[in-house]
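S.K.: pasting the sequence and the predicted model now:
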Amino acid sequence: MRKILLFSFLLINWGVMFSQFEKINIWEGKAPFNKDVTVEEQDVNNRVSKVTVPQLYHYSIKSDSLKPAIIVIPGGGYVREAINHEGYMAAEWFNKQGFEAFVLKYRLPDEEIVDNSSFVPLMDAQEAIRIVRKRAAEWHIDTARIGVIGFSAGGHLAASVSTLFIKPVNSKNNSADVRPGFSILMYPVISMDDACTHKGSRENLLGEHPDVSMLEQFSLEKQVSSKTPVTLMVHAIDDRAVPVENTDRYAVSIIKSGGDVTKVILPQGGHGFGFDSKRPVAYWTQYLEVWLKNHIIK
């Protein structure tokens, strides 16, 4: 009986270790570009929206050894954030691989809540990277190994911070503050091109009638450079929401720039599987684990 109780105790404490997190506000006081409106944040079935106070949810492994860090960016078409299977579950998985993990709850491009709405998610994501880098010594993080993982529209945001860091949205920052060391893009929205974009994400981010310059800027296959970080991309060929061509275009651009990209195309899996272990395509994390051991984990 004592052995059973001890085993149960260890299981409970293991669960607590990987389920509790600290909330860290991205901005002190009122976030930049927030309008003077009173809005209540919504969380319906782990789908978050109406965010006015962007935060990092810090999942710490409480180790003094120098380790990598990951910032997790949930997707949801730039209208909500699937913060469970594309957020919490991801952070817990990365904890088990030895990462300090942070789930980013970012502001969405809602013109009723924020000005400069197309750039607000990017601003929050860049600030999140800057905060983790600034506090790296406190959390025993290797500043060269601070990366991002994003899903769907969150993949677009992760690709945005991986390409649009030369001129940060917050002019007080410099590119070194906000550039990630690596990126993992899961079934990402990449292009704003009618031929392959996710039209809902594009409209939510850029509006119904965006300027050509905005379409160009946020078509991230066109923003890749030699400084784009090492990248892993995972996409299912039967994804009916975000065509696999998005991943293809970005990967080709990285190769042409002389960069390092690994592209995993799954034969099936659809869209939005995230880290849900109940999905038939859950084996994809085996590819991720191998890639991390070859590129990030020392």
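M.R.: Nice, I can see it. Not measured: the values here are computed from a predicted model.
S.K.: what number of residues lie near Val44?
M.R.: 8 (other C-beta atoms under 10 Å). Any C-beta I mention is one placed from the backbone N, CA and C, and that applies to glycine too.
S.K.: what is it paired to in the beta sheet?
M.R.: Beta bridges link Val44 to Arg47 when assigned by DSSP bridges.
S.K.: what pLDDT does it get?
M.R.: You'll see Val44 listed with a pLDDT of 96.
S.K.: measure Thr228 to Val261 for me?
M.R.: Per C-beta to C-beta, to the nearest Å, Thr228 is found 9 Å from Val261.
S.K.: in terms of neighbours, single out the busier of these two.
M.R.: Shown here are Thr228 and Val261; by other C-beta under 10 Å, Thr228 has more neighbours (24 against 21).
S.K.: the more buried one and Ile254 touch, don't they?
M.R.: Yes: under the criterion of C-beta atoms under 8 Å, Thr228 lies in contact with Ile254, with a separation of 5.9 Å.
S.K.: now the protein, which segments are flagged as low pLDDT?
M.R.: 1-19 (pLDDT under 70).
S.K.: anything in contact with each of Thr228 and Val261?
M.R.: Jointly contacting Thr228 and Val261 under the rule C-beta atoms under 8 Å, 6 or more residues apart in numbering are Ile254.
S.K.: which SSE is Glu138 in?
M.R.: Using DSSP states H and E, Glu138 sits in helix 136-139.
S.K.: let me redo that: Asp194
M.R.: Counting by DSSP H and E, no helix or strand carries Asp194.
S.K.: same check, this time on the one 10 residues further on
M.R.: Asn204 is part of helix 199-206 when elements are defined by DSSP H and E.
S.K.: equivalent analysis for His58, please.
M.R.: Here His58 is assigned to strand 55-59, by DSSP H and E.
S.K.: does anything pack onto that strand? Which helices or strands?
M.R.: Packing partners of strand 55-59 (3 or more C-beta pairs under 8 Å, 6 or more residues apart in numbering; DSSP states H and E): strand 22-25, helix 89-96, strand 100-105, helix 120-134.
S.K.: which one of those lies closest to Glu289?
M.R.: Of all the helices and strands packed on strand 55-59, helix 89-96 sits nearest to Glu289, with 9.3 Å by C-beta to C-beta.
S.K.: quick one: residues contacting Ile71.
M.R.: Ile71 is in contact with Leu56, Phe102, Leu104, Ala125, Ala128, Ile129, Val132, Ile146, Gly147, Val148, Ile149, Pro180, counting by C-beta under 8 Å, 6+ apart.
S.K.: about what we covered before: so how far is the helix holding Glu138 from its chain's centroid?
M.R.: On the basis of C-alpha atoms, centre = their mean, to the nearest Å, helix 136-139 sits 21 Å off its chain's mean C-alpha point.
S.K.: again, but for stretch 135-153
M.R.: Remark: stretch 135-153 is offset 11 Å from the chain centroid, using C-alpha atoms, centre = their mean.
S.K.: start and end of it, how far apart?
M.R.: Across stretch 135-153, the terminal residues are separated by 27 Å (C-alpha to C-alpha, to the nearest Å).
S.K.: correct me if wrong: Gly274 contacts Gly154.
M.R.: No: in this structure, Gly274 is not within contact of Gly154 by C-beta under 8 Å, at 9.8 Å.
S.K.: what's the overlap in contacts for the two?
M.R.: Glu86.
S.K.: which of these two has more residues huddled nearby?
M.R.: Set side by side, Gly274 and Gly154 show more neighbours around Gly154, with 34 against 25, by other C-beta under 10 Å.
S.K.: what about that one, which SS state?
M.R.: Following DSSP: H, G, I helix; E, B strand; the rest coil, the label given to Gly154 is helix.
S.K.: and stretch 268-284, how far apart are its ends?
M.R.: Distance between the boundary residues of stretch 268-284 (C-alpha to C-alpha) amounts to 11 Å.
S.K.: picking that back up, show me what the helix holding Asn204 is packed up against.
M.R.: Counting by 3+ C-beta pairs under 8 Å, 6+ apart, the packing neighbours recorded for helix 199-206 are helix 153-163.
S.K.: the helix it packs on: what's the following helix or strand?
M.R.: Next element after helix 153-163 (DSSP H and E): helix 175-178.
S.K.: contacting residues for Ala159?
M.R.: Ala159 touches Gly150, Ser183, Leu185, Pro188, Ile190, Leu220, Tyr250, counting by C-beta under 8 Å, 6+ apart.
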